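A.B. asks: Generate coordinates for the sequence data below:
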Amino acid sequence: MNAFAPGAWRYGLPVAVVGLVGAALWLPLGVALIALTGAVFWFHRDPERTTPAEGVVAPADGTVSVLREEGDRLRLGIFMNLHHVHVNRAPYGGTVEAVEHSPGGHWPAFTKSSDRNERLRVDFGDHEVVLVAGAVARRIHPYVTEGVAVDRGERIGHISFSSRVDLLLPPEVDRSDLAVSKGDAVRAGETPLTHH
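C.D. replies: Numbers count the residues shown, from 1 in each chain. Reported below is the predicted structural model:
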């Protein structure tokens, strides 16, 4: 069981140390930094999830913010606010064919400009999951590499501090197959995205 995503200690521990030192110098500063440490660990929480027995599951917690055709495929994007769990999960089971990092900007993840943001593409062949950095997000942490087999609902990475995750669905999936619409709230590894 993972209580926190791996980045939690990297971001939280330095703030905690400075907070303890700050408390000795000026108590309000120390208290504020200790509270910030708690917020960092809360942000990086990694709760267990129960994946349904069948169906395509959401790769991220958040709100469906993108739903568009790209050629003969559908792209479904999920925007994650700061309060969402940012650990991302595999929507299907399969073998990772490629993991590709692309540098880019840091536009707000809910805007059209975010299509030019830094991203990490996890290609499964018939579908792909794209972790997109946002205005605050500065680190994308993949958990998988090329050739690794993953189960549906398994953790595949996380993004530190607000972002978006896109799912490019297989060609045979069309809008009539979808069980979600723009504006719907979803949970990674649990919410079914399709009717079957």
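A.B. asks: Please, where are all the strands along the chain?
C.D. replies: 62-70, 73-80, 87-89, 94-95, 98-102, 119-123, 128-133, 139-142, 149-150, 155-160, 163-168, 185-186 (DSSP state E).
A.B. asks: who touches the third one?
C.D. replies: For strand 87-89, the surrounding residues in contact (CB atoms under 8 Å, 6 or more residues apart in numbering) are 2, 5, 46, 49, 51, 57-60, 129, 131, 153-159, 165, 188-189. To be clear about C-beta, it is placed using only N, CA and C from the backbone, and glycine gets the same treatment.
A.B. asks: and it, what's its mean pLDDT?
C.D. replies: Mean per-residue pLDDT for strand 87-89: 95.
A.B. asks: And for the second one?
C.D. replies: In this model, strand 73-80 has an average pLDDT of 95.
A.B. asks: That one: partners in the sheet, and parallel or antiparallel?
C.D. replies: Partner strands and pairing direction for strand 73-80 (DSSP bridges) are strand 62-70 (antiparallel), strand 163-168 (antiparallel).
A.B. asks: Would you point out the helix or strand in this structure whose mean pLDDT is lowest?
C.D. replies: Least confident helix or strand, the chain: helix 7-25 with a mean of 70, by mean pLDDT, DSSP states H and E.
A.B. asks: picking that back up, list buried residues within the contacts of strand 87-89.
C.D. replies: 5, 46, 49, 51, 57-60, 129, 131, 153-159, 165, 188-189 (16 or more other CB atoms under 10 Å).
A.B. asks: With that, I have no additional questions.
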